[in-house]
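Student: Below: sequence and its predicted model.
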Amino acid sequence: MTGIVMLNTPGPLEYLRRWPIRVWLAGVVVFLYAPLLTLMIFSFNDDKRNIVWRGFTLKYYALTFRDTDLMVAFGNSLTIAAISTVVSLVLGALTALLLWRFRFPGKLLFEGALALPIVVPEICMGVAMLVFFTQILPWPSGLPFPLNLGAIIVSHISFSFSFVAIVIRGRLASFNREFEEAAKDLGAGEWRIFWDVLVPHMQPGLIAGALLAFTLSLDDFVITFFTSGPDTTTFPVKVYSMVRFSVTPEVNAASTILILLTVALTALALRISGGDIARVEAGEGV
Amino acid sequence: MFAAFAVAPVAWLFAFFLLPLAIIWAYSFGENKSLTEIVVTGSLADYAHAMKPLYFGIIFKSFWFAALTTILCLVVGFPVAIAITFASEKTKAWLLLLIMLPFWTNLLIRTYALMAVLRTEGYVNFALSLVWNGLSGLGGFMGYRLGAFQPLPLLHNDFAVVFGLVYVQLPFMVLPLYAALDRLDRSLLEASLDLGAGHLATFVNVVVPLAMPGIVSGVLVTLIPSVGAYLTPDLLGGPNSMMIANVIERQFKSADDWPFGSALSFLLMYMTFLAIAVQGLVARNRRRREARA
Amino acid sequence: MSTIRPPRSSSRRSCLAGLGAVAAGLSLSGLGACAHQGPLGPNGEELKLNLYNWDTYTGKTTLADFRAATGIDVKMSLFASNDELFAKLRAGNPGFDVIVPSNEFVTRFRISDMLMPLDHSKIPNYRNILPGFRDPPFDPGRRYSMPYTWLVLGIGYRKSKIDGVPDSWKWVMDSDRYKGRIGVFSEADDMIELGAKYLGHSVRNVPPDVIDRVAEMYIRQKPNIKIFHHDEGQDLLLAGDVDIVMEYNGDIAQVMQEDPDLDFVVPREGSLLNSDCLCIPKGAPRPDNAHRFINFILDAHNGAEIYNTIRYPTPNAGALSLMPAEYRDNPVIFPPAHVMATCEYGDFEGLDRAHLFDETATRIFAA
C-alpha cells in the first residue's frame, strides 16, 4: 500500500483554522487586552505624569500599600463583596429552586419582578437606593464595622441575587429528575435528596453564581457611588476620585492589583468547578 | 417547604428593590418644596420637562450611541463567536475564558486604561507620531516637507464614547452569539455547503436565521447597558457627549432636582421595558411561525 | 446527557472550608478597622474628626500637627464640588464634623437649617481674621462659618503659547484665537455668572435675556473649547493639554511654582469672588472636636503652614504676617486693589434660578 499523503487543509466548518478568522480573532484579542496590559506595564513607570516611559520602579506599589485610605477602601470592597456573595448565593439558590420546583399563582409576575434588577439601568437603581437610604431607612452612621457598610451591602445584594438565580436556574434545568426518583425509591427523605442529590448537581452553578456575585459586587461603581459615605468608600469609588484628581502611576498600580485579584479568583473558581463554569456562564443548559 | 423557599427572596425583592423604585416613581410626580424637601403632588410637570427638546435630544443621542455600539459589537463579535463555536473542545474553553476575562475586570479600570490609549499623548497618537515622523524624515530625504504631527483628537468626544462602549460591551455580545451558534445543527451547515452555497451565502441564509434568537438576545444585552451607561461618557466623553445617565446624575448631585431626575430615570426604564417587550413579541411570533411550519 | 456523579462530600467540606476562610478574612479586616470605637478625649468625645474638604486644600502637615497637639485623628474625605457636598448632607449628616462649603453654599446650608451655630468662645483665634471678613453678607456676624480662604476666578495661561497677556474673558469665551487650547470651568453658576460679567452685567440677578446671550456665546465658542473641566484646570495647563484656562488663582499659583512658564491674570471686565468657609453641620457627632479643629486652623502658625502649601489668599491677618514676602506681594494670590474693585461675590438666589443655571449649562453642553 502506498502511503496516503493527508493534506492538512481545513475542513469546511473548521473556521478557526482559516487565516481570516485567525487574524480577526487575534485582532480582537489585541484590542481587548492591549489597553489593560499597557496599564499594568505603566504601573511600573518612574514618572509622575505617566506619559512617557522613564524607568522601572516599584515605588508606586509601595505608595499604594502605604495609602491607608486606599487600603481601607480595598478592605471595604472585599468585605462588601464577601457578605454580598454569601447572601446573594442563598437568596439566588432559593429563588432558583422556587421557580424550578413549584408552580404557584403569580409565578409569572415574580419572574418578571426578578428580571427587573438585571434590566433596570444601574443609574436608576443607584438613585433609588440613594433616596431609599436617605429618606426611608436612614442607615445609622457610626456603626461598628462591617455594619456601617450595610447600605452598600444591601444594594449589592439586591442587584446581584437575580443574576445568581439565573445561573443556578440554568444549571438546574439540566438536572435529570430520574435521580431524584431513584433516591426516593431508595428511601431518602426530602432534605436528604436536597443535600445529597440536588446540591452536588448544582455545585458548578453555585460556584459560577458565587463568582458572578463577587465580581459584580467588587466591580460595582455606579450604585456604590450613590450609596457610599465618608467612612464607607469602596475601591472603585476611590479609584474614580483618583482618576479625577491626580492621575499618577499609583492609580495603575492599584488597578493592576485589582486585575490580578480578579484573575486569581477566576482561576480558583475554575479549578474548583473543573471548567464547567465557562459553559454555565455561556448559558449552556439555559 | 414552599414557604421556606419563598419568604426570603420575595421579602428582599420587595423591601430592597421594588420599594426604592416605587419611591422614585412617586417622586417623578413630585415637586421641590424647598432645598431639601420634596412633595408628591401628582403633577406631570417633571415628565413634561423631560420631553423638552434639550433632554429628548440627549435621550435620542443615548439610543443612537447604543445602537452604534451594538452594531459594531455585532460586526466585530460574530466572527469571534464563529471561531469559538467551531474550535476544538479544549481550545473552546480557553477562547471563552480569553474573551470573558476582560468582562470580569473592573469597568472603571478598563475605561481608565482606554484614556491612556486615546489621549493626545496616548499610545495611539504616540505610535502615529512615530510613523509620521518616520515618513517625514523619509520625505525630507526626498525633498518633501511634511508639517508637524497633529495628534488625532481621540479622547473627550463622541468617538471615544462609542469606542469605549464597544470595548466594554463586546464580551456581552460574544457570549449569547456563541451560545446560539453552538446549538446549531452542524449538518445543516454542511448540507448547505455541499449543495454549493459559498460560505457567505450559507452564513446569510442558514446561520443567521437559525441563530436569530441568540442574535436578538445579544443585541438586547448590549443595547440596554449601553443606553444607561454612565462611567464611559463621563470619563471618555466631551461636553456634548452627555448621555442620559449623566443628566440623571446631574439632577441628583449638582442640580438638586430629584423629582426631575426621577422622571428621567423612569423614562429610561419605560424605554428599556419597551425594548424588551418588543423582543418578547418578536420571539413569540417566531415560535408561533415555527410551530405552524 | 449528565454523567452520574456520586455525592461529593469532599466538595461540601471544601465549601465549608471556603466559608470559614471568608469568615476569618472578615474578622481580620474587621479587627483592623476596630479602631473605630477608640478612646475618648477629655471633652467626652471620641478622639476622631471627620473632615469633608476639597482636594489639596490643607497643609502638608496640618492634620498630623493637629493630632500631635490634641490627639485627635482627622479623617479627611474629598468632594469635587459644592453640589456634591450639599447632596451628601441633604437628607441628614452621614457623620461629618467639619465641612468646607463656598459662600453661596453657606447660604444654602444656612437657610435649610443644616448648620450648627458656632460657639465663638471656643474659637479665640477668630481675632486673627481680617475685619473685612468678619461680617459678610452671606453669614452676618459669622454665626455659622469661619473664613478659610478666599478666591478669585481668572485666566491661567502658558506664556510661551499665548500672545501677550490675555486680560479679557474674550479669549476664553468669545474668540477662536486659541482654538482647541481652551479650558472652561464646568460649574454652571460660575460659567454663566462670568459670562454675564464679560457682557458687562453684574454677577447678581442676571436677567433671563442676558442668560440666553451667555448661552449662545458659549455654544458658539464650543468648537474652540477643548475641555470643560471640573476644577483640574491647573493640571491640564501644567500637562500641556490646554494653554489657556478658566481657573482659581490659588490653583494656578500652585502650579506656577512647578512651571515658571505659567501665569495668571484677572480679566479687566472683572470676576467672581468666592470664599471657602469652615462650618459644622448639624448632627456632627463631635462638635467640640470640630470647634477645636477650626480654632487650630485659624491659628497664625498653622494657617501659615496651610497657605504656604495651598497658595490661596488668606483672610487671616495673623497667618499673613508670618508668610514670606513672595506670598504677600504675589499679584496672583493677592490681586491689586484696582482689580479687586471689579470683582464681586456671587450668592444663592433661589432654587428656581439654580435650576435655570443648570439647565442652561446642560443646554450648552449638549449643543
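Tutor: That came through fine. Numbering: from 1, shown residues only, chains lettered A, B, ... in the order given.

Student: Give me the below-cutoff pLDDT ranges for the stretch 101-250 of chain B.
Tutor: For the stretch 101-250 of chain B, the stretches with pLDDT under 70 are B:144-147, B:149.

Student: got the contact list for C:M323?
Tutor: Residues near C:M323 by C-beta atoms under 8 Å, 6 or more residues apart in numbering or on different chains: C:304, C:307-308, C:314. Yep, even glycine has a C-beta here, placed from its N, CA and C like the rest.

Student: now, which of the residues you listed lie within helices?
Tutor: Mapping the contacts of C:M323 onto helices (DSSP state H) picks out C:304, C:307-308.

Student: and the contacts of C:M323, which two are the farthest apart?
Tutor: Largest separation among those by C-beta to C-beta: C:N308 and C:T314, giving 10.1 Å.

Student: what about those two, which has more around it?
Tutor: Between C:N308 and C:T314, counted using other C-beta atoms under 10 Å in any protein chain shown, C:T314 has the larger neighbour count: 28 against 15.

Student: Give the closest residue to that one in space, chain neighbours not counted.
Tutor: C:Y307 (4.8 Å; C-beta to C-beta, 6 or more residues apart in numbering or on different chains).

Student: Against chain B, how distant is the one you found?
Tutor: Shown here: C:Y307 relative to chain B, a distance of 29 Å by C-beta to the nearest C-beta, to the nearest Å.

Student: and C:L51, what element?
Tutor: strand C:48-53 (DSSP states H and E).

Student: List the pairing partners of that strand within its sheet, with orientation.
Tutor: strand C:73-78 (parallel), strand C:98-99 (parallel) (DSSP bridges).

Student: Number of residues surrounding whatever residue of the stretch 1-150 of chain A ends up closest to chain B?
Tutor: Residue of the stretch 1-150 of chain A nearest chain B, by C-beta to the nearest C-beta: A:P121 (2.8 Å). By other C-beta under 10 Å, 22 other residues sit near A:P121.

Student: in the stretch 51-200 of chain B, which spans are helices?
Tutor: With helices called from DSSP state H, counting those that start in this stretch, the stretch 51-200 of chain B shows them at B:53-85, B:89-104, B:107-118, B:123-142, B:158-182, B:186-194, B:199-202.

Student: Please read the previous query as pertaining to the stretch 51-200 of chain A.
Tutor: So, for the stretch 51-200 of chain A - with DSSP H, counting those that start in this stretch - the helices run A:59-66, A:68-101, A:107-119, A:122-131, A:150-173, A:177-185, A:190-193, A:199-219.

Student: Where does the prediction get shaky in the chain?
Tutor: Since no chain was named, I'll use chain A. Looking at chain A by pLDDT under 70, you get A:1-13, A:15-16, A:49-51, A:138-147, A:229-231, A:245-246, A:272-286.

Student: try chain C instead
Tutor: C:1-38.

Student: the strands in it, which residues?
Tutor: In chain C, the segments counted as strands under DSSP state E are C:48-53, C:73-78, C:98-99, C:145-158, C:182-185, C:225-229, C:244-248, C:262-265, C:272-279, C:344-345.

Student: Apart from its neighbours in sequence, what residue is nearest A:F179?
Tutor: A:V197 (5.5 Å).

Student: is chain A contacted by stretch B:169-186?
Tutor: Yes - counting by C-beta under 8 Å from any C-beta of the partner chain, chain A has neighbours in stretch B:169-186: B:170-171, B:175-176, B:178-179, B:182, B:186.

Student: Let me have the residues you listed in CSV, adding distance to B:F126 and neighbour count as columns.
Tutor: Shown next, in CSV, are those (distance: C-beta to C-beta, whole Å; neighbours: other C-beta atoms under 10 Å in any protein chain shown):
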residue, distance to B:F126, neighbour count
B:L170, 24, 23
B:P171, 27, 21
B:L175, 33, 24
B:P176, 36, 25
B:Y178, 35, 27
B:A179, 39, 23
B:D182, 40, 19
B:R186, 46, 12
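
Student: sorry, back to before: you'd agree the residue of the stretch 1-150 of chain A closest to chain B is up against B:G228?
Tutor: Yes - between A:P121 and B:G228 there is a contact at 2.8 Å, judged by C-beta atoms under 8 Å.

Student: shared neighbours, the two?
Tutor: B:245, B:268, B:272.

Student: Please convert these to JSON lines, extending it with secondary structure, distance to chain A and neighbour count.
Tutor: Output for those, formatted as JSON lines (DSSP: H, G, I helix; E, B strand; the rest coil; distance: C-beta to the nearest C-beta, whole Å; neighbours: other C-beta atoms under 10 Å in any protein chain shown):
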{"residue": "B:A245", "secondary structure": "helix", "distance to chain A": "4", "neighbour count": "28"}
{"residue": "B:L268", "secondary structure": "helix", "distance to chain A": "6", "neighbour count": "24"}
{"residue": "B:T272", "secondary structure": "helix", "distance to chain A": "6", "neighbour count": "21"}
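
Student: Next, name the residue at the spatial heart of chain B.
Tutor: Geometric centre of chain B, nearest residue: B:S226, 2.8 Å, by C-alpha atoms, centre = their mean.

Student: With chain A instead?
Tutor: A:T215 (2.5 Å).

Student: Would you mind listing the residues in contact with that one?
Tutor: A:262, A:265, B:104.

Student: Could you check how far the first one is from C:N249?
Tutor: Summarising the geometry, the distance separating A:T262 from C:N249, computed by C-beta to C-beta, to the nearest Å, is 44 Å.

Student: same deal with B:M100?
Tutor: Taking C-beta to C-beta, one finds B:M100 at 50 Å from C:N249.

Student: who's more crowded, these two?
Tutor: Taking neighbours as other C-beta under 10 Å, B:M100 and C:N249 compare with C:N249 leading, 27 against 18.

Student: on that earlier part again, reformat the helices of the stretch 51-200 of chain B as TSV; add distance to chain C.
Tutor: Below are the helices of the stretch 51-200 of chain B laid out as TSV (distance: least, C-beta to the nearest C-beta, whole Å):
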stretch	distance to chain C
helix B:53-85	5
helix B:89-104	15
helix B:107-118	12
helix B:123-142	12
helix B:158-182	12
helix B:186-194	18
helix B:199-202	29
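
Student: and the closest residue in space to A:K107 that isn't next to it in sequence, how many residues sit next to it?
Tutor: Nearest non-adjacent residue to A:K107, counting by C-beta to C-beta, 6+ apart: A:L99, 7.1 Å away. Using other C-beta under 10 Å, A:L99 has 21 neighbouring residues.

Student: what's A:L99 in contact with, if anything?
Tutor: By C-beta under 8 Å, 6+ apart, the neighbours of A:L99 are A:107, A:110-111, A:165, A:169.

Student: Closest one to B:P259 out of these, please.
Tutor: Nearest to B:P259 among these, counting by C-beta to C-beta, is A:F110 at 30.3 Å.

Student: Does the nearest residue to the closest one once chain neighbours are set aside lie in a helix or a strand, and which?
Tutor: Spatial nearest neighbour of A:F110, excluding adjacent residues (C-beta to C-beta, 6+ apart): B:V10 at 7.1 Å. Element membership of B:V10, judged by DSSP H and E, is helix B:2-13.

Student: What angle do helix A:150-173 and that helix make with each other?
Tutor: 140 degrees (axes from the mean of the first three to the mean of the last three C-alpha atoms, to 10 degrees).

Student: buried stuff in whichever helix or strand comes after helix B:2-13?
Tutor: Sequence order places helix B:19-27 as the next helix or strand after helix B:2-13, per DSSP H and E. For helix B:19-27, the buried set under the neighbour-count rule, 16 or more other C-beta atoms under 10 Å in any protein chain shown, comprises B:20-21, B:23-25, B:27.
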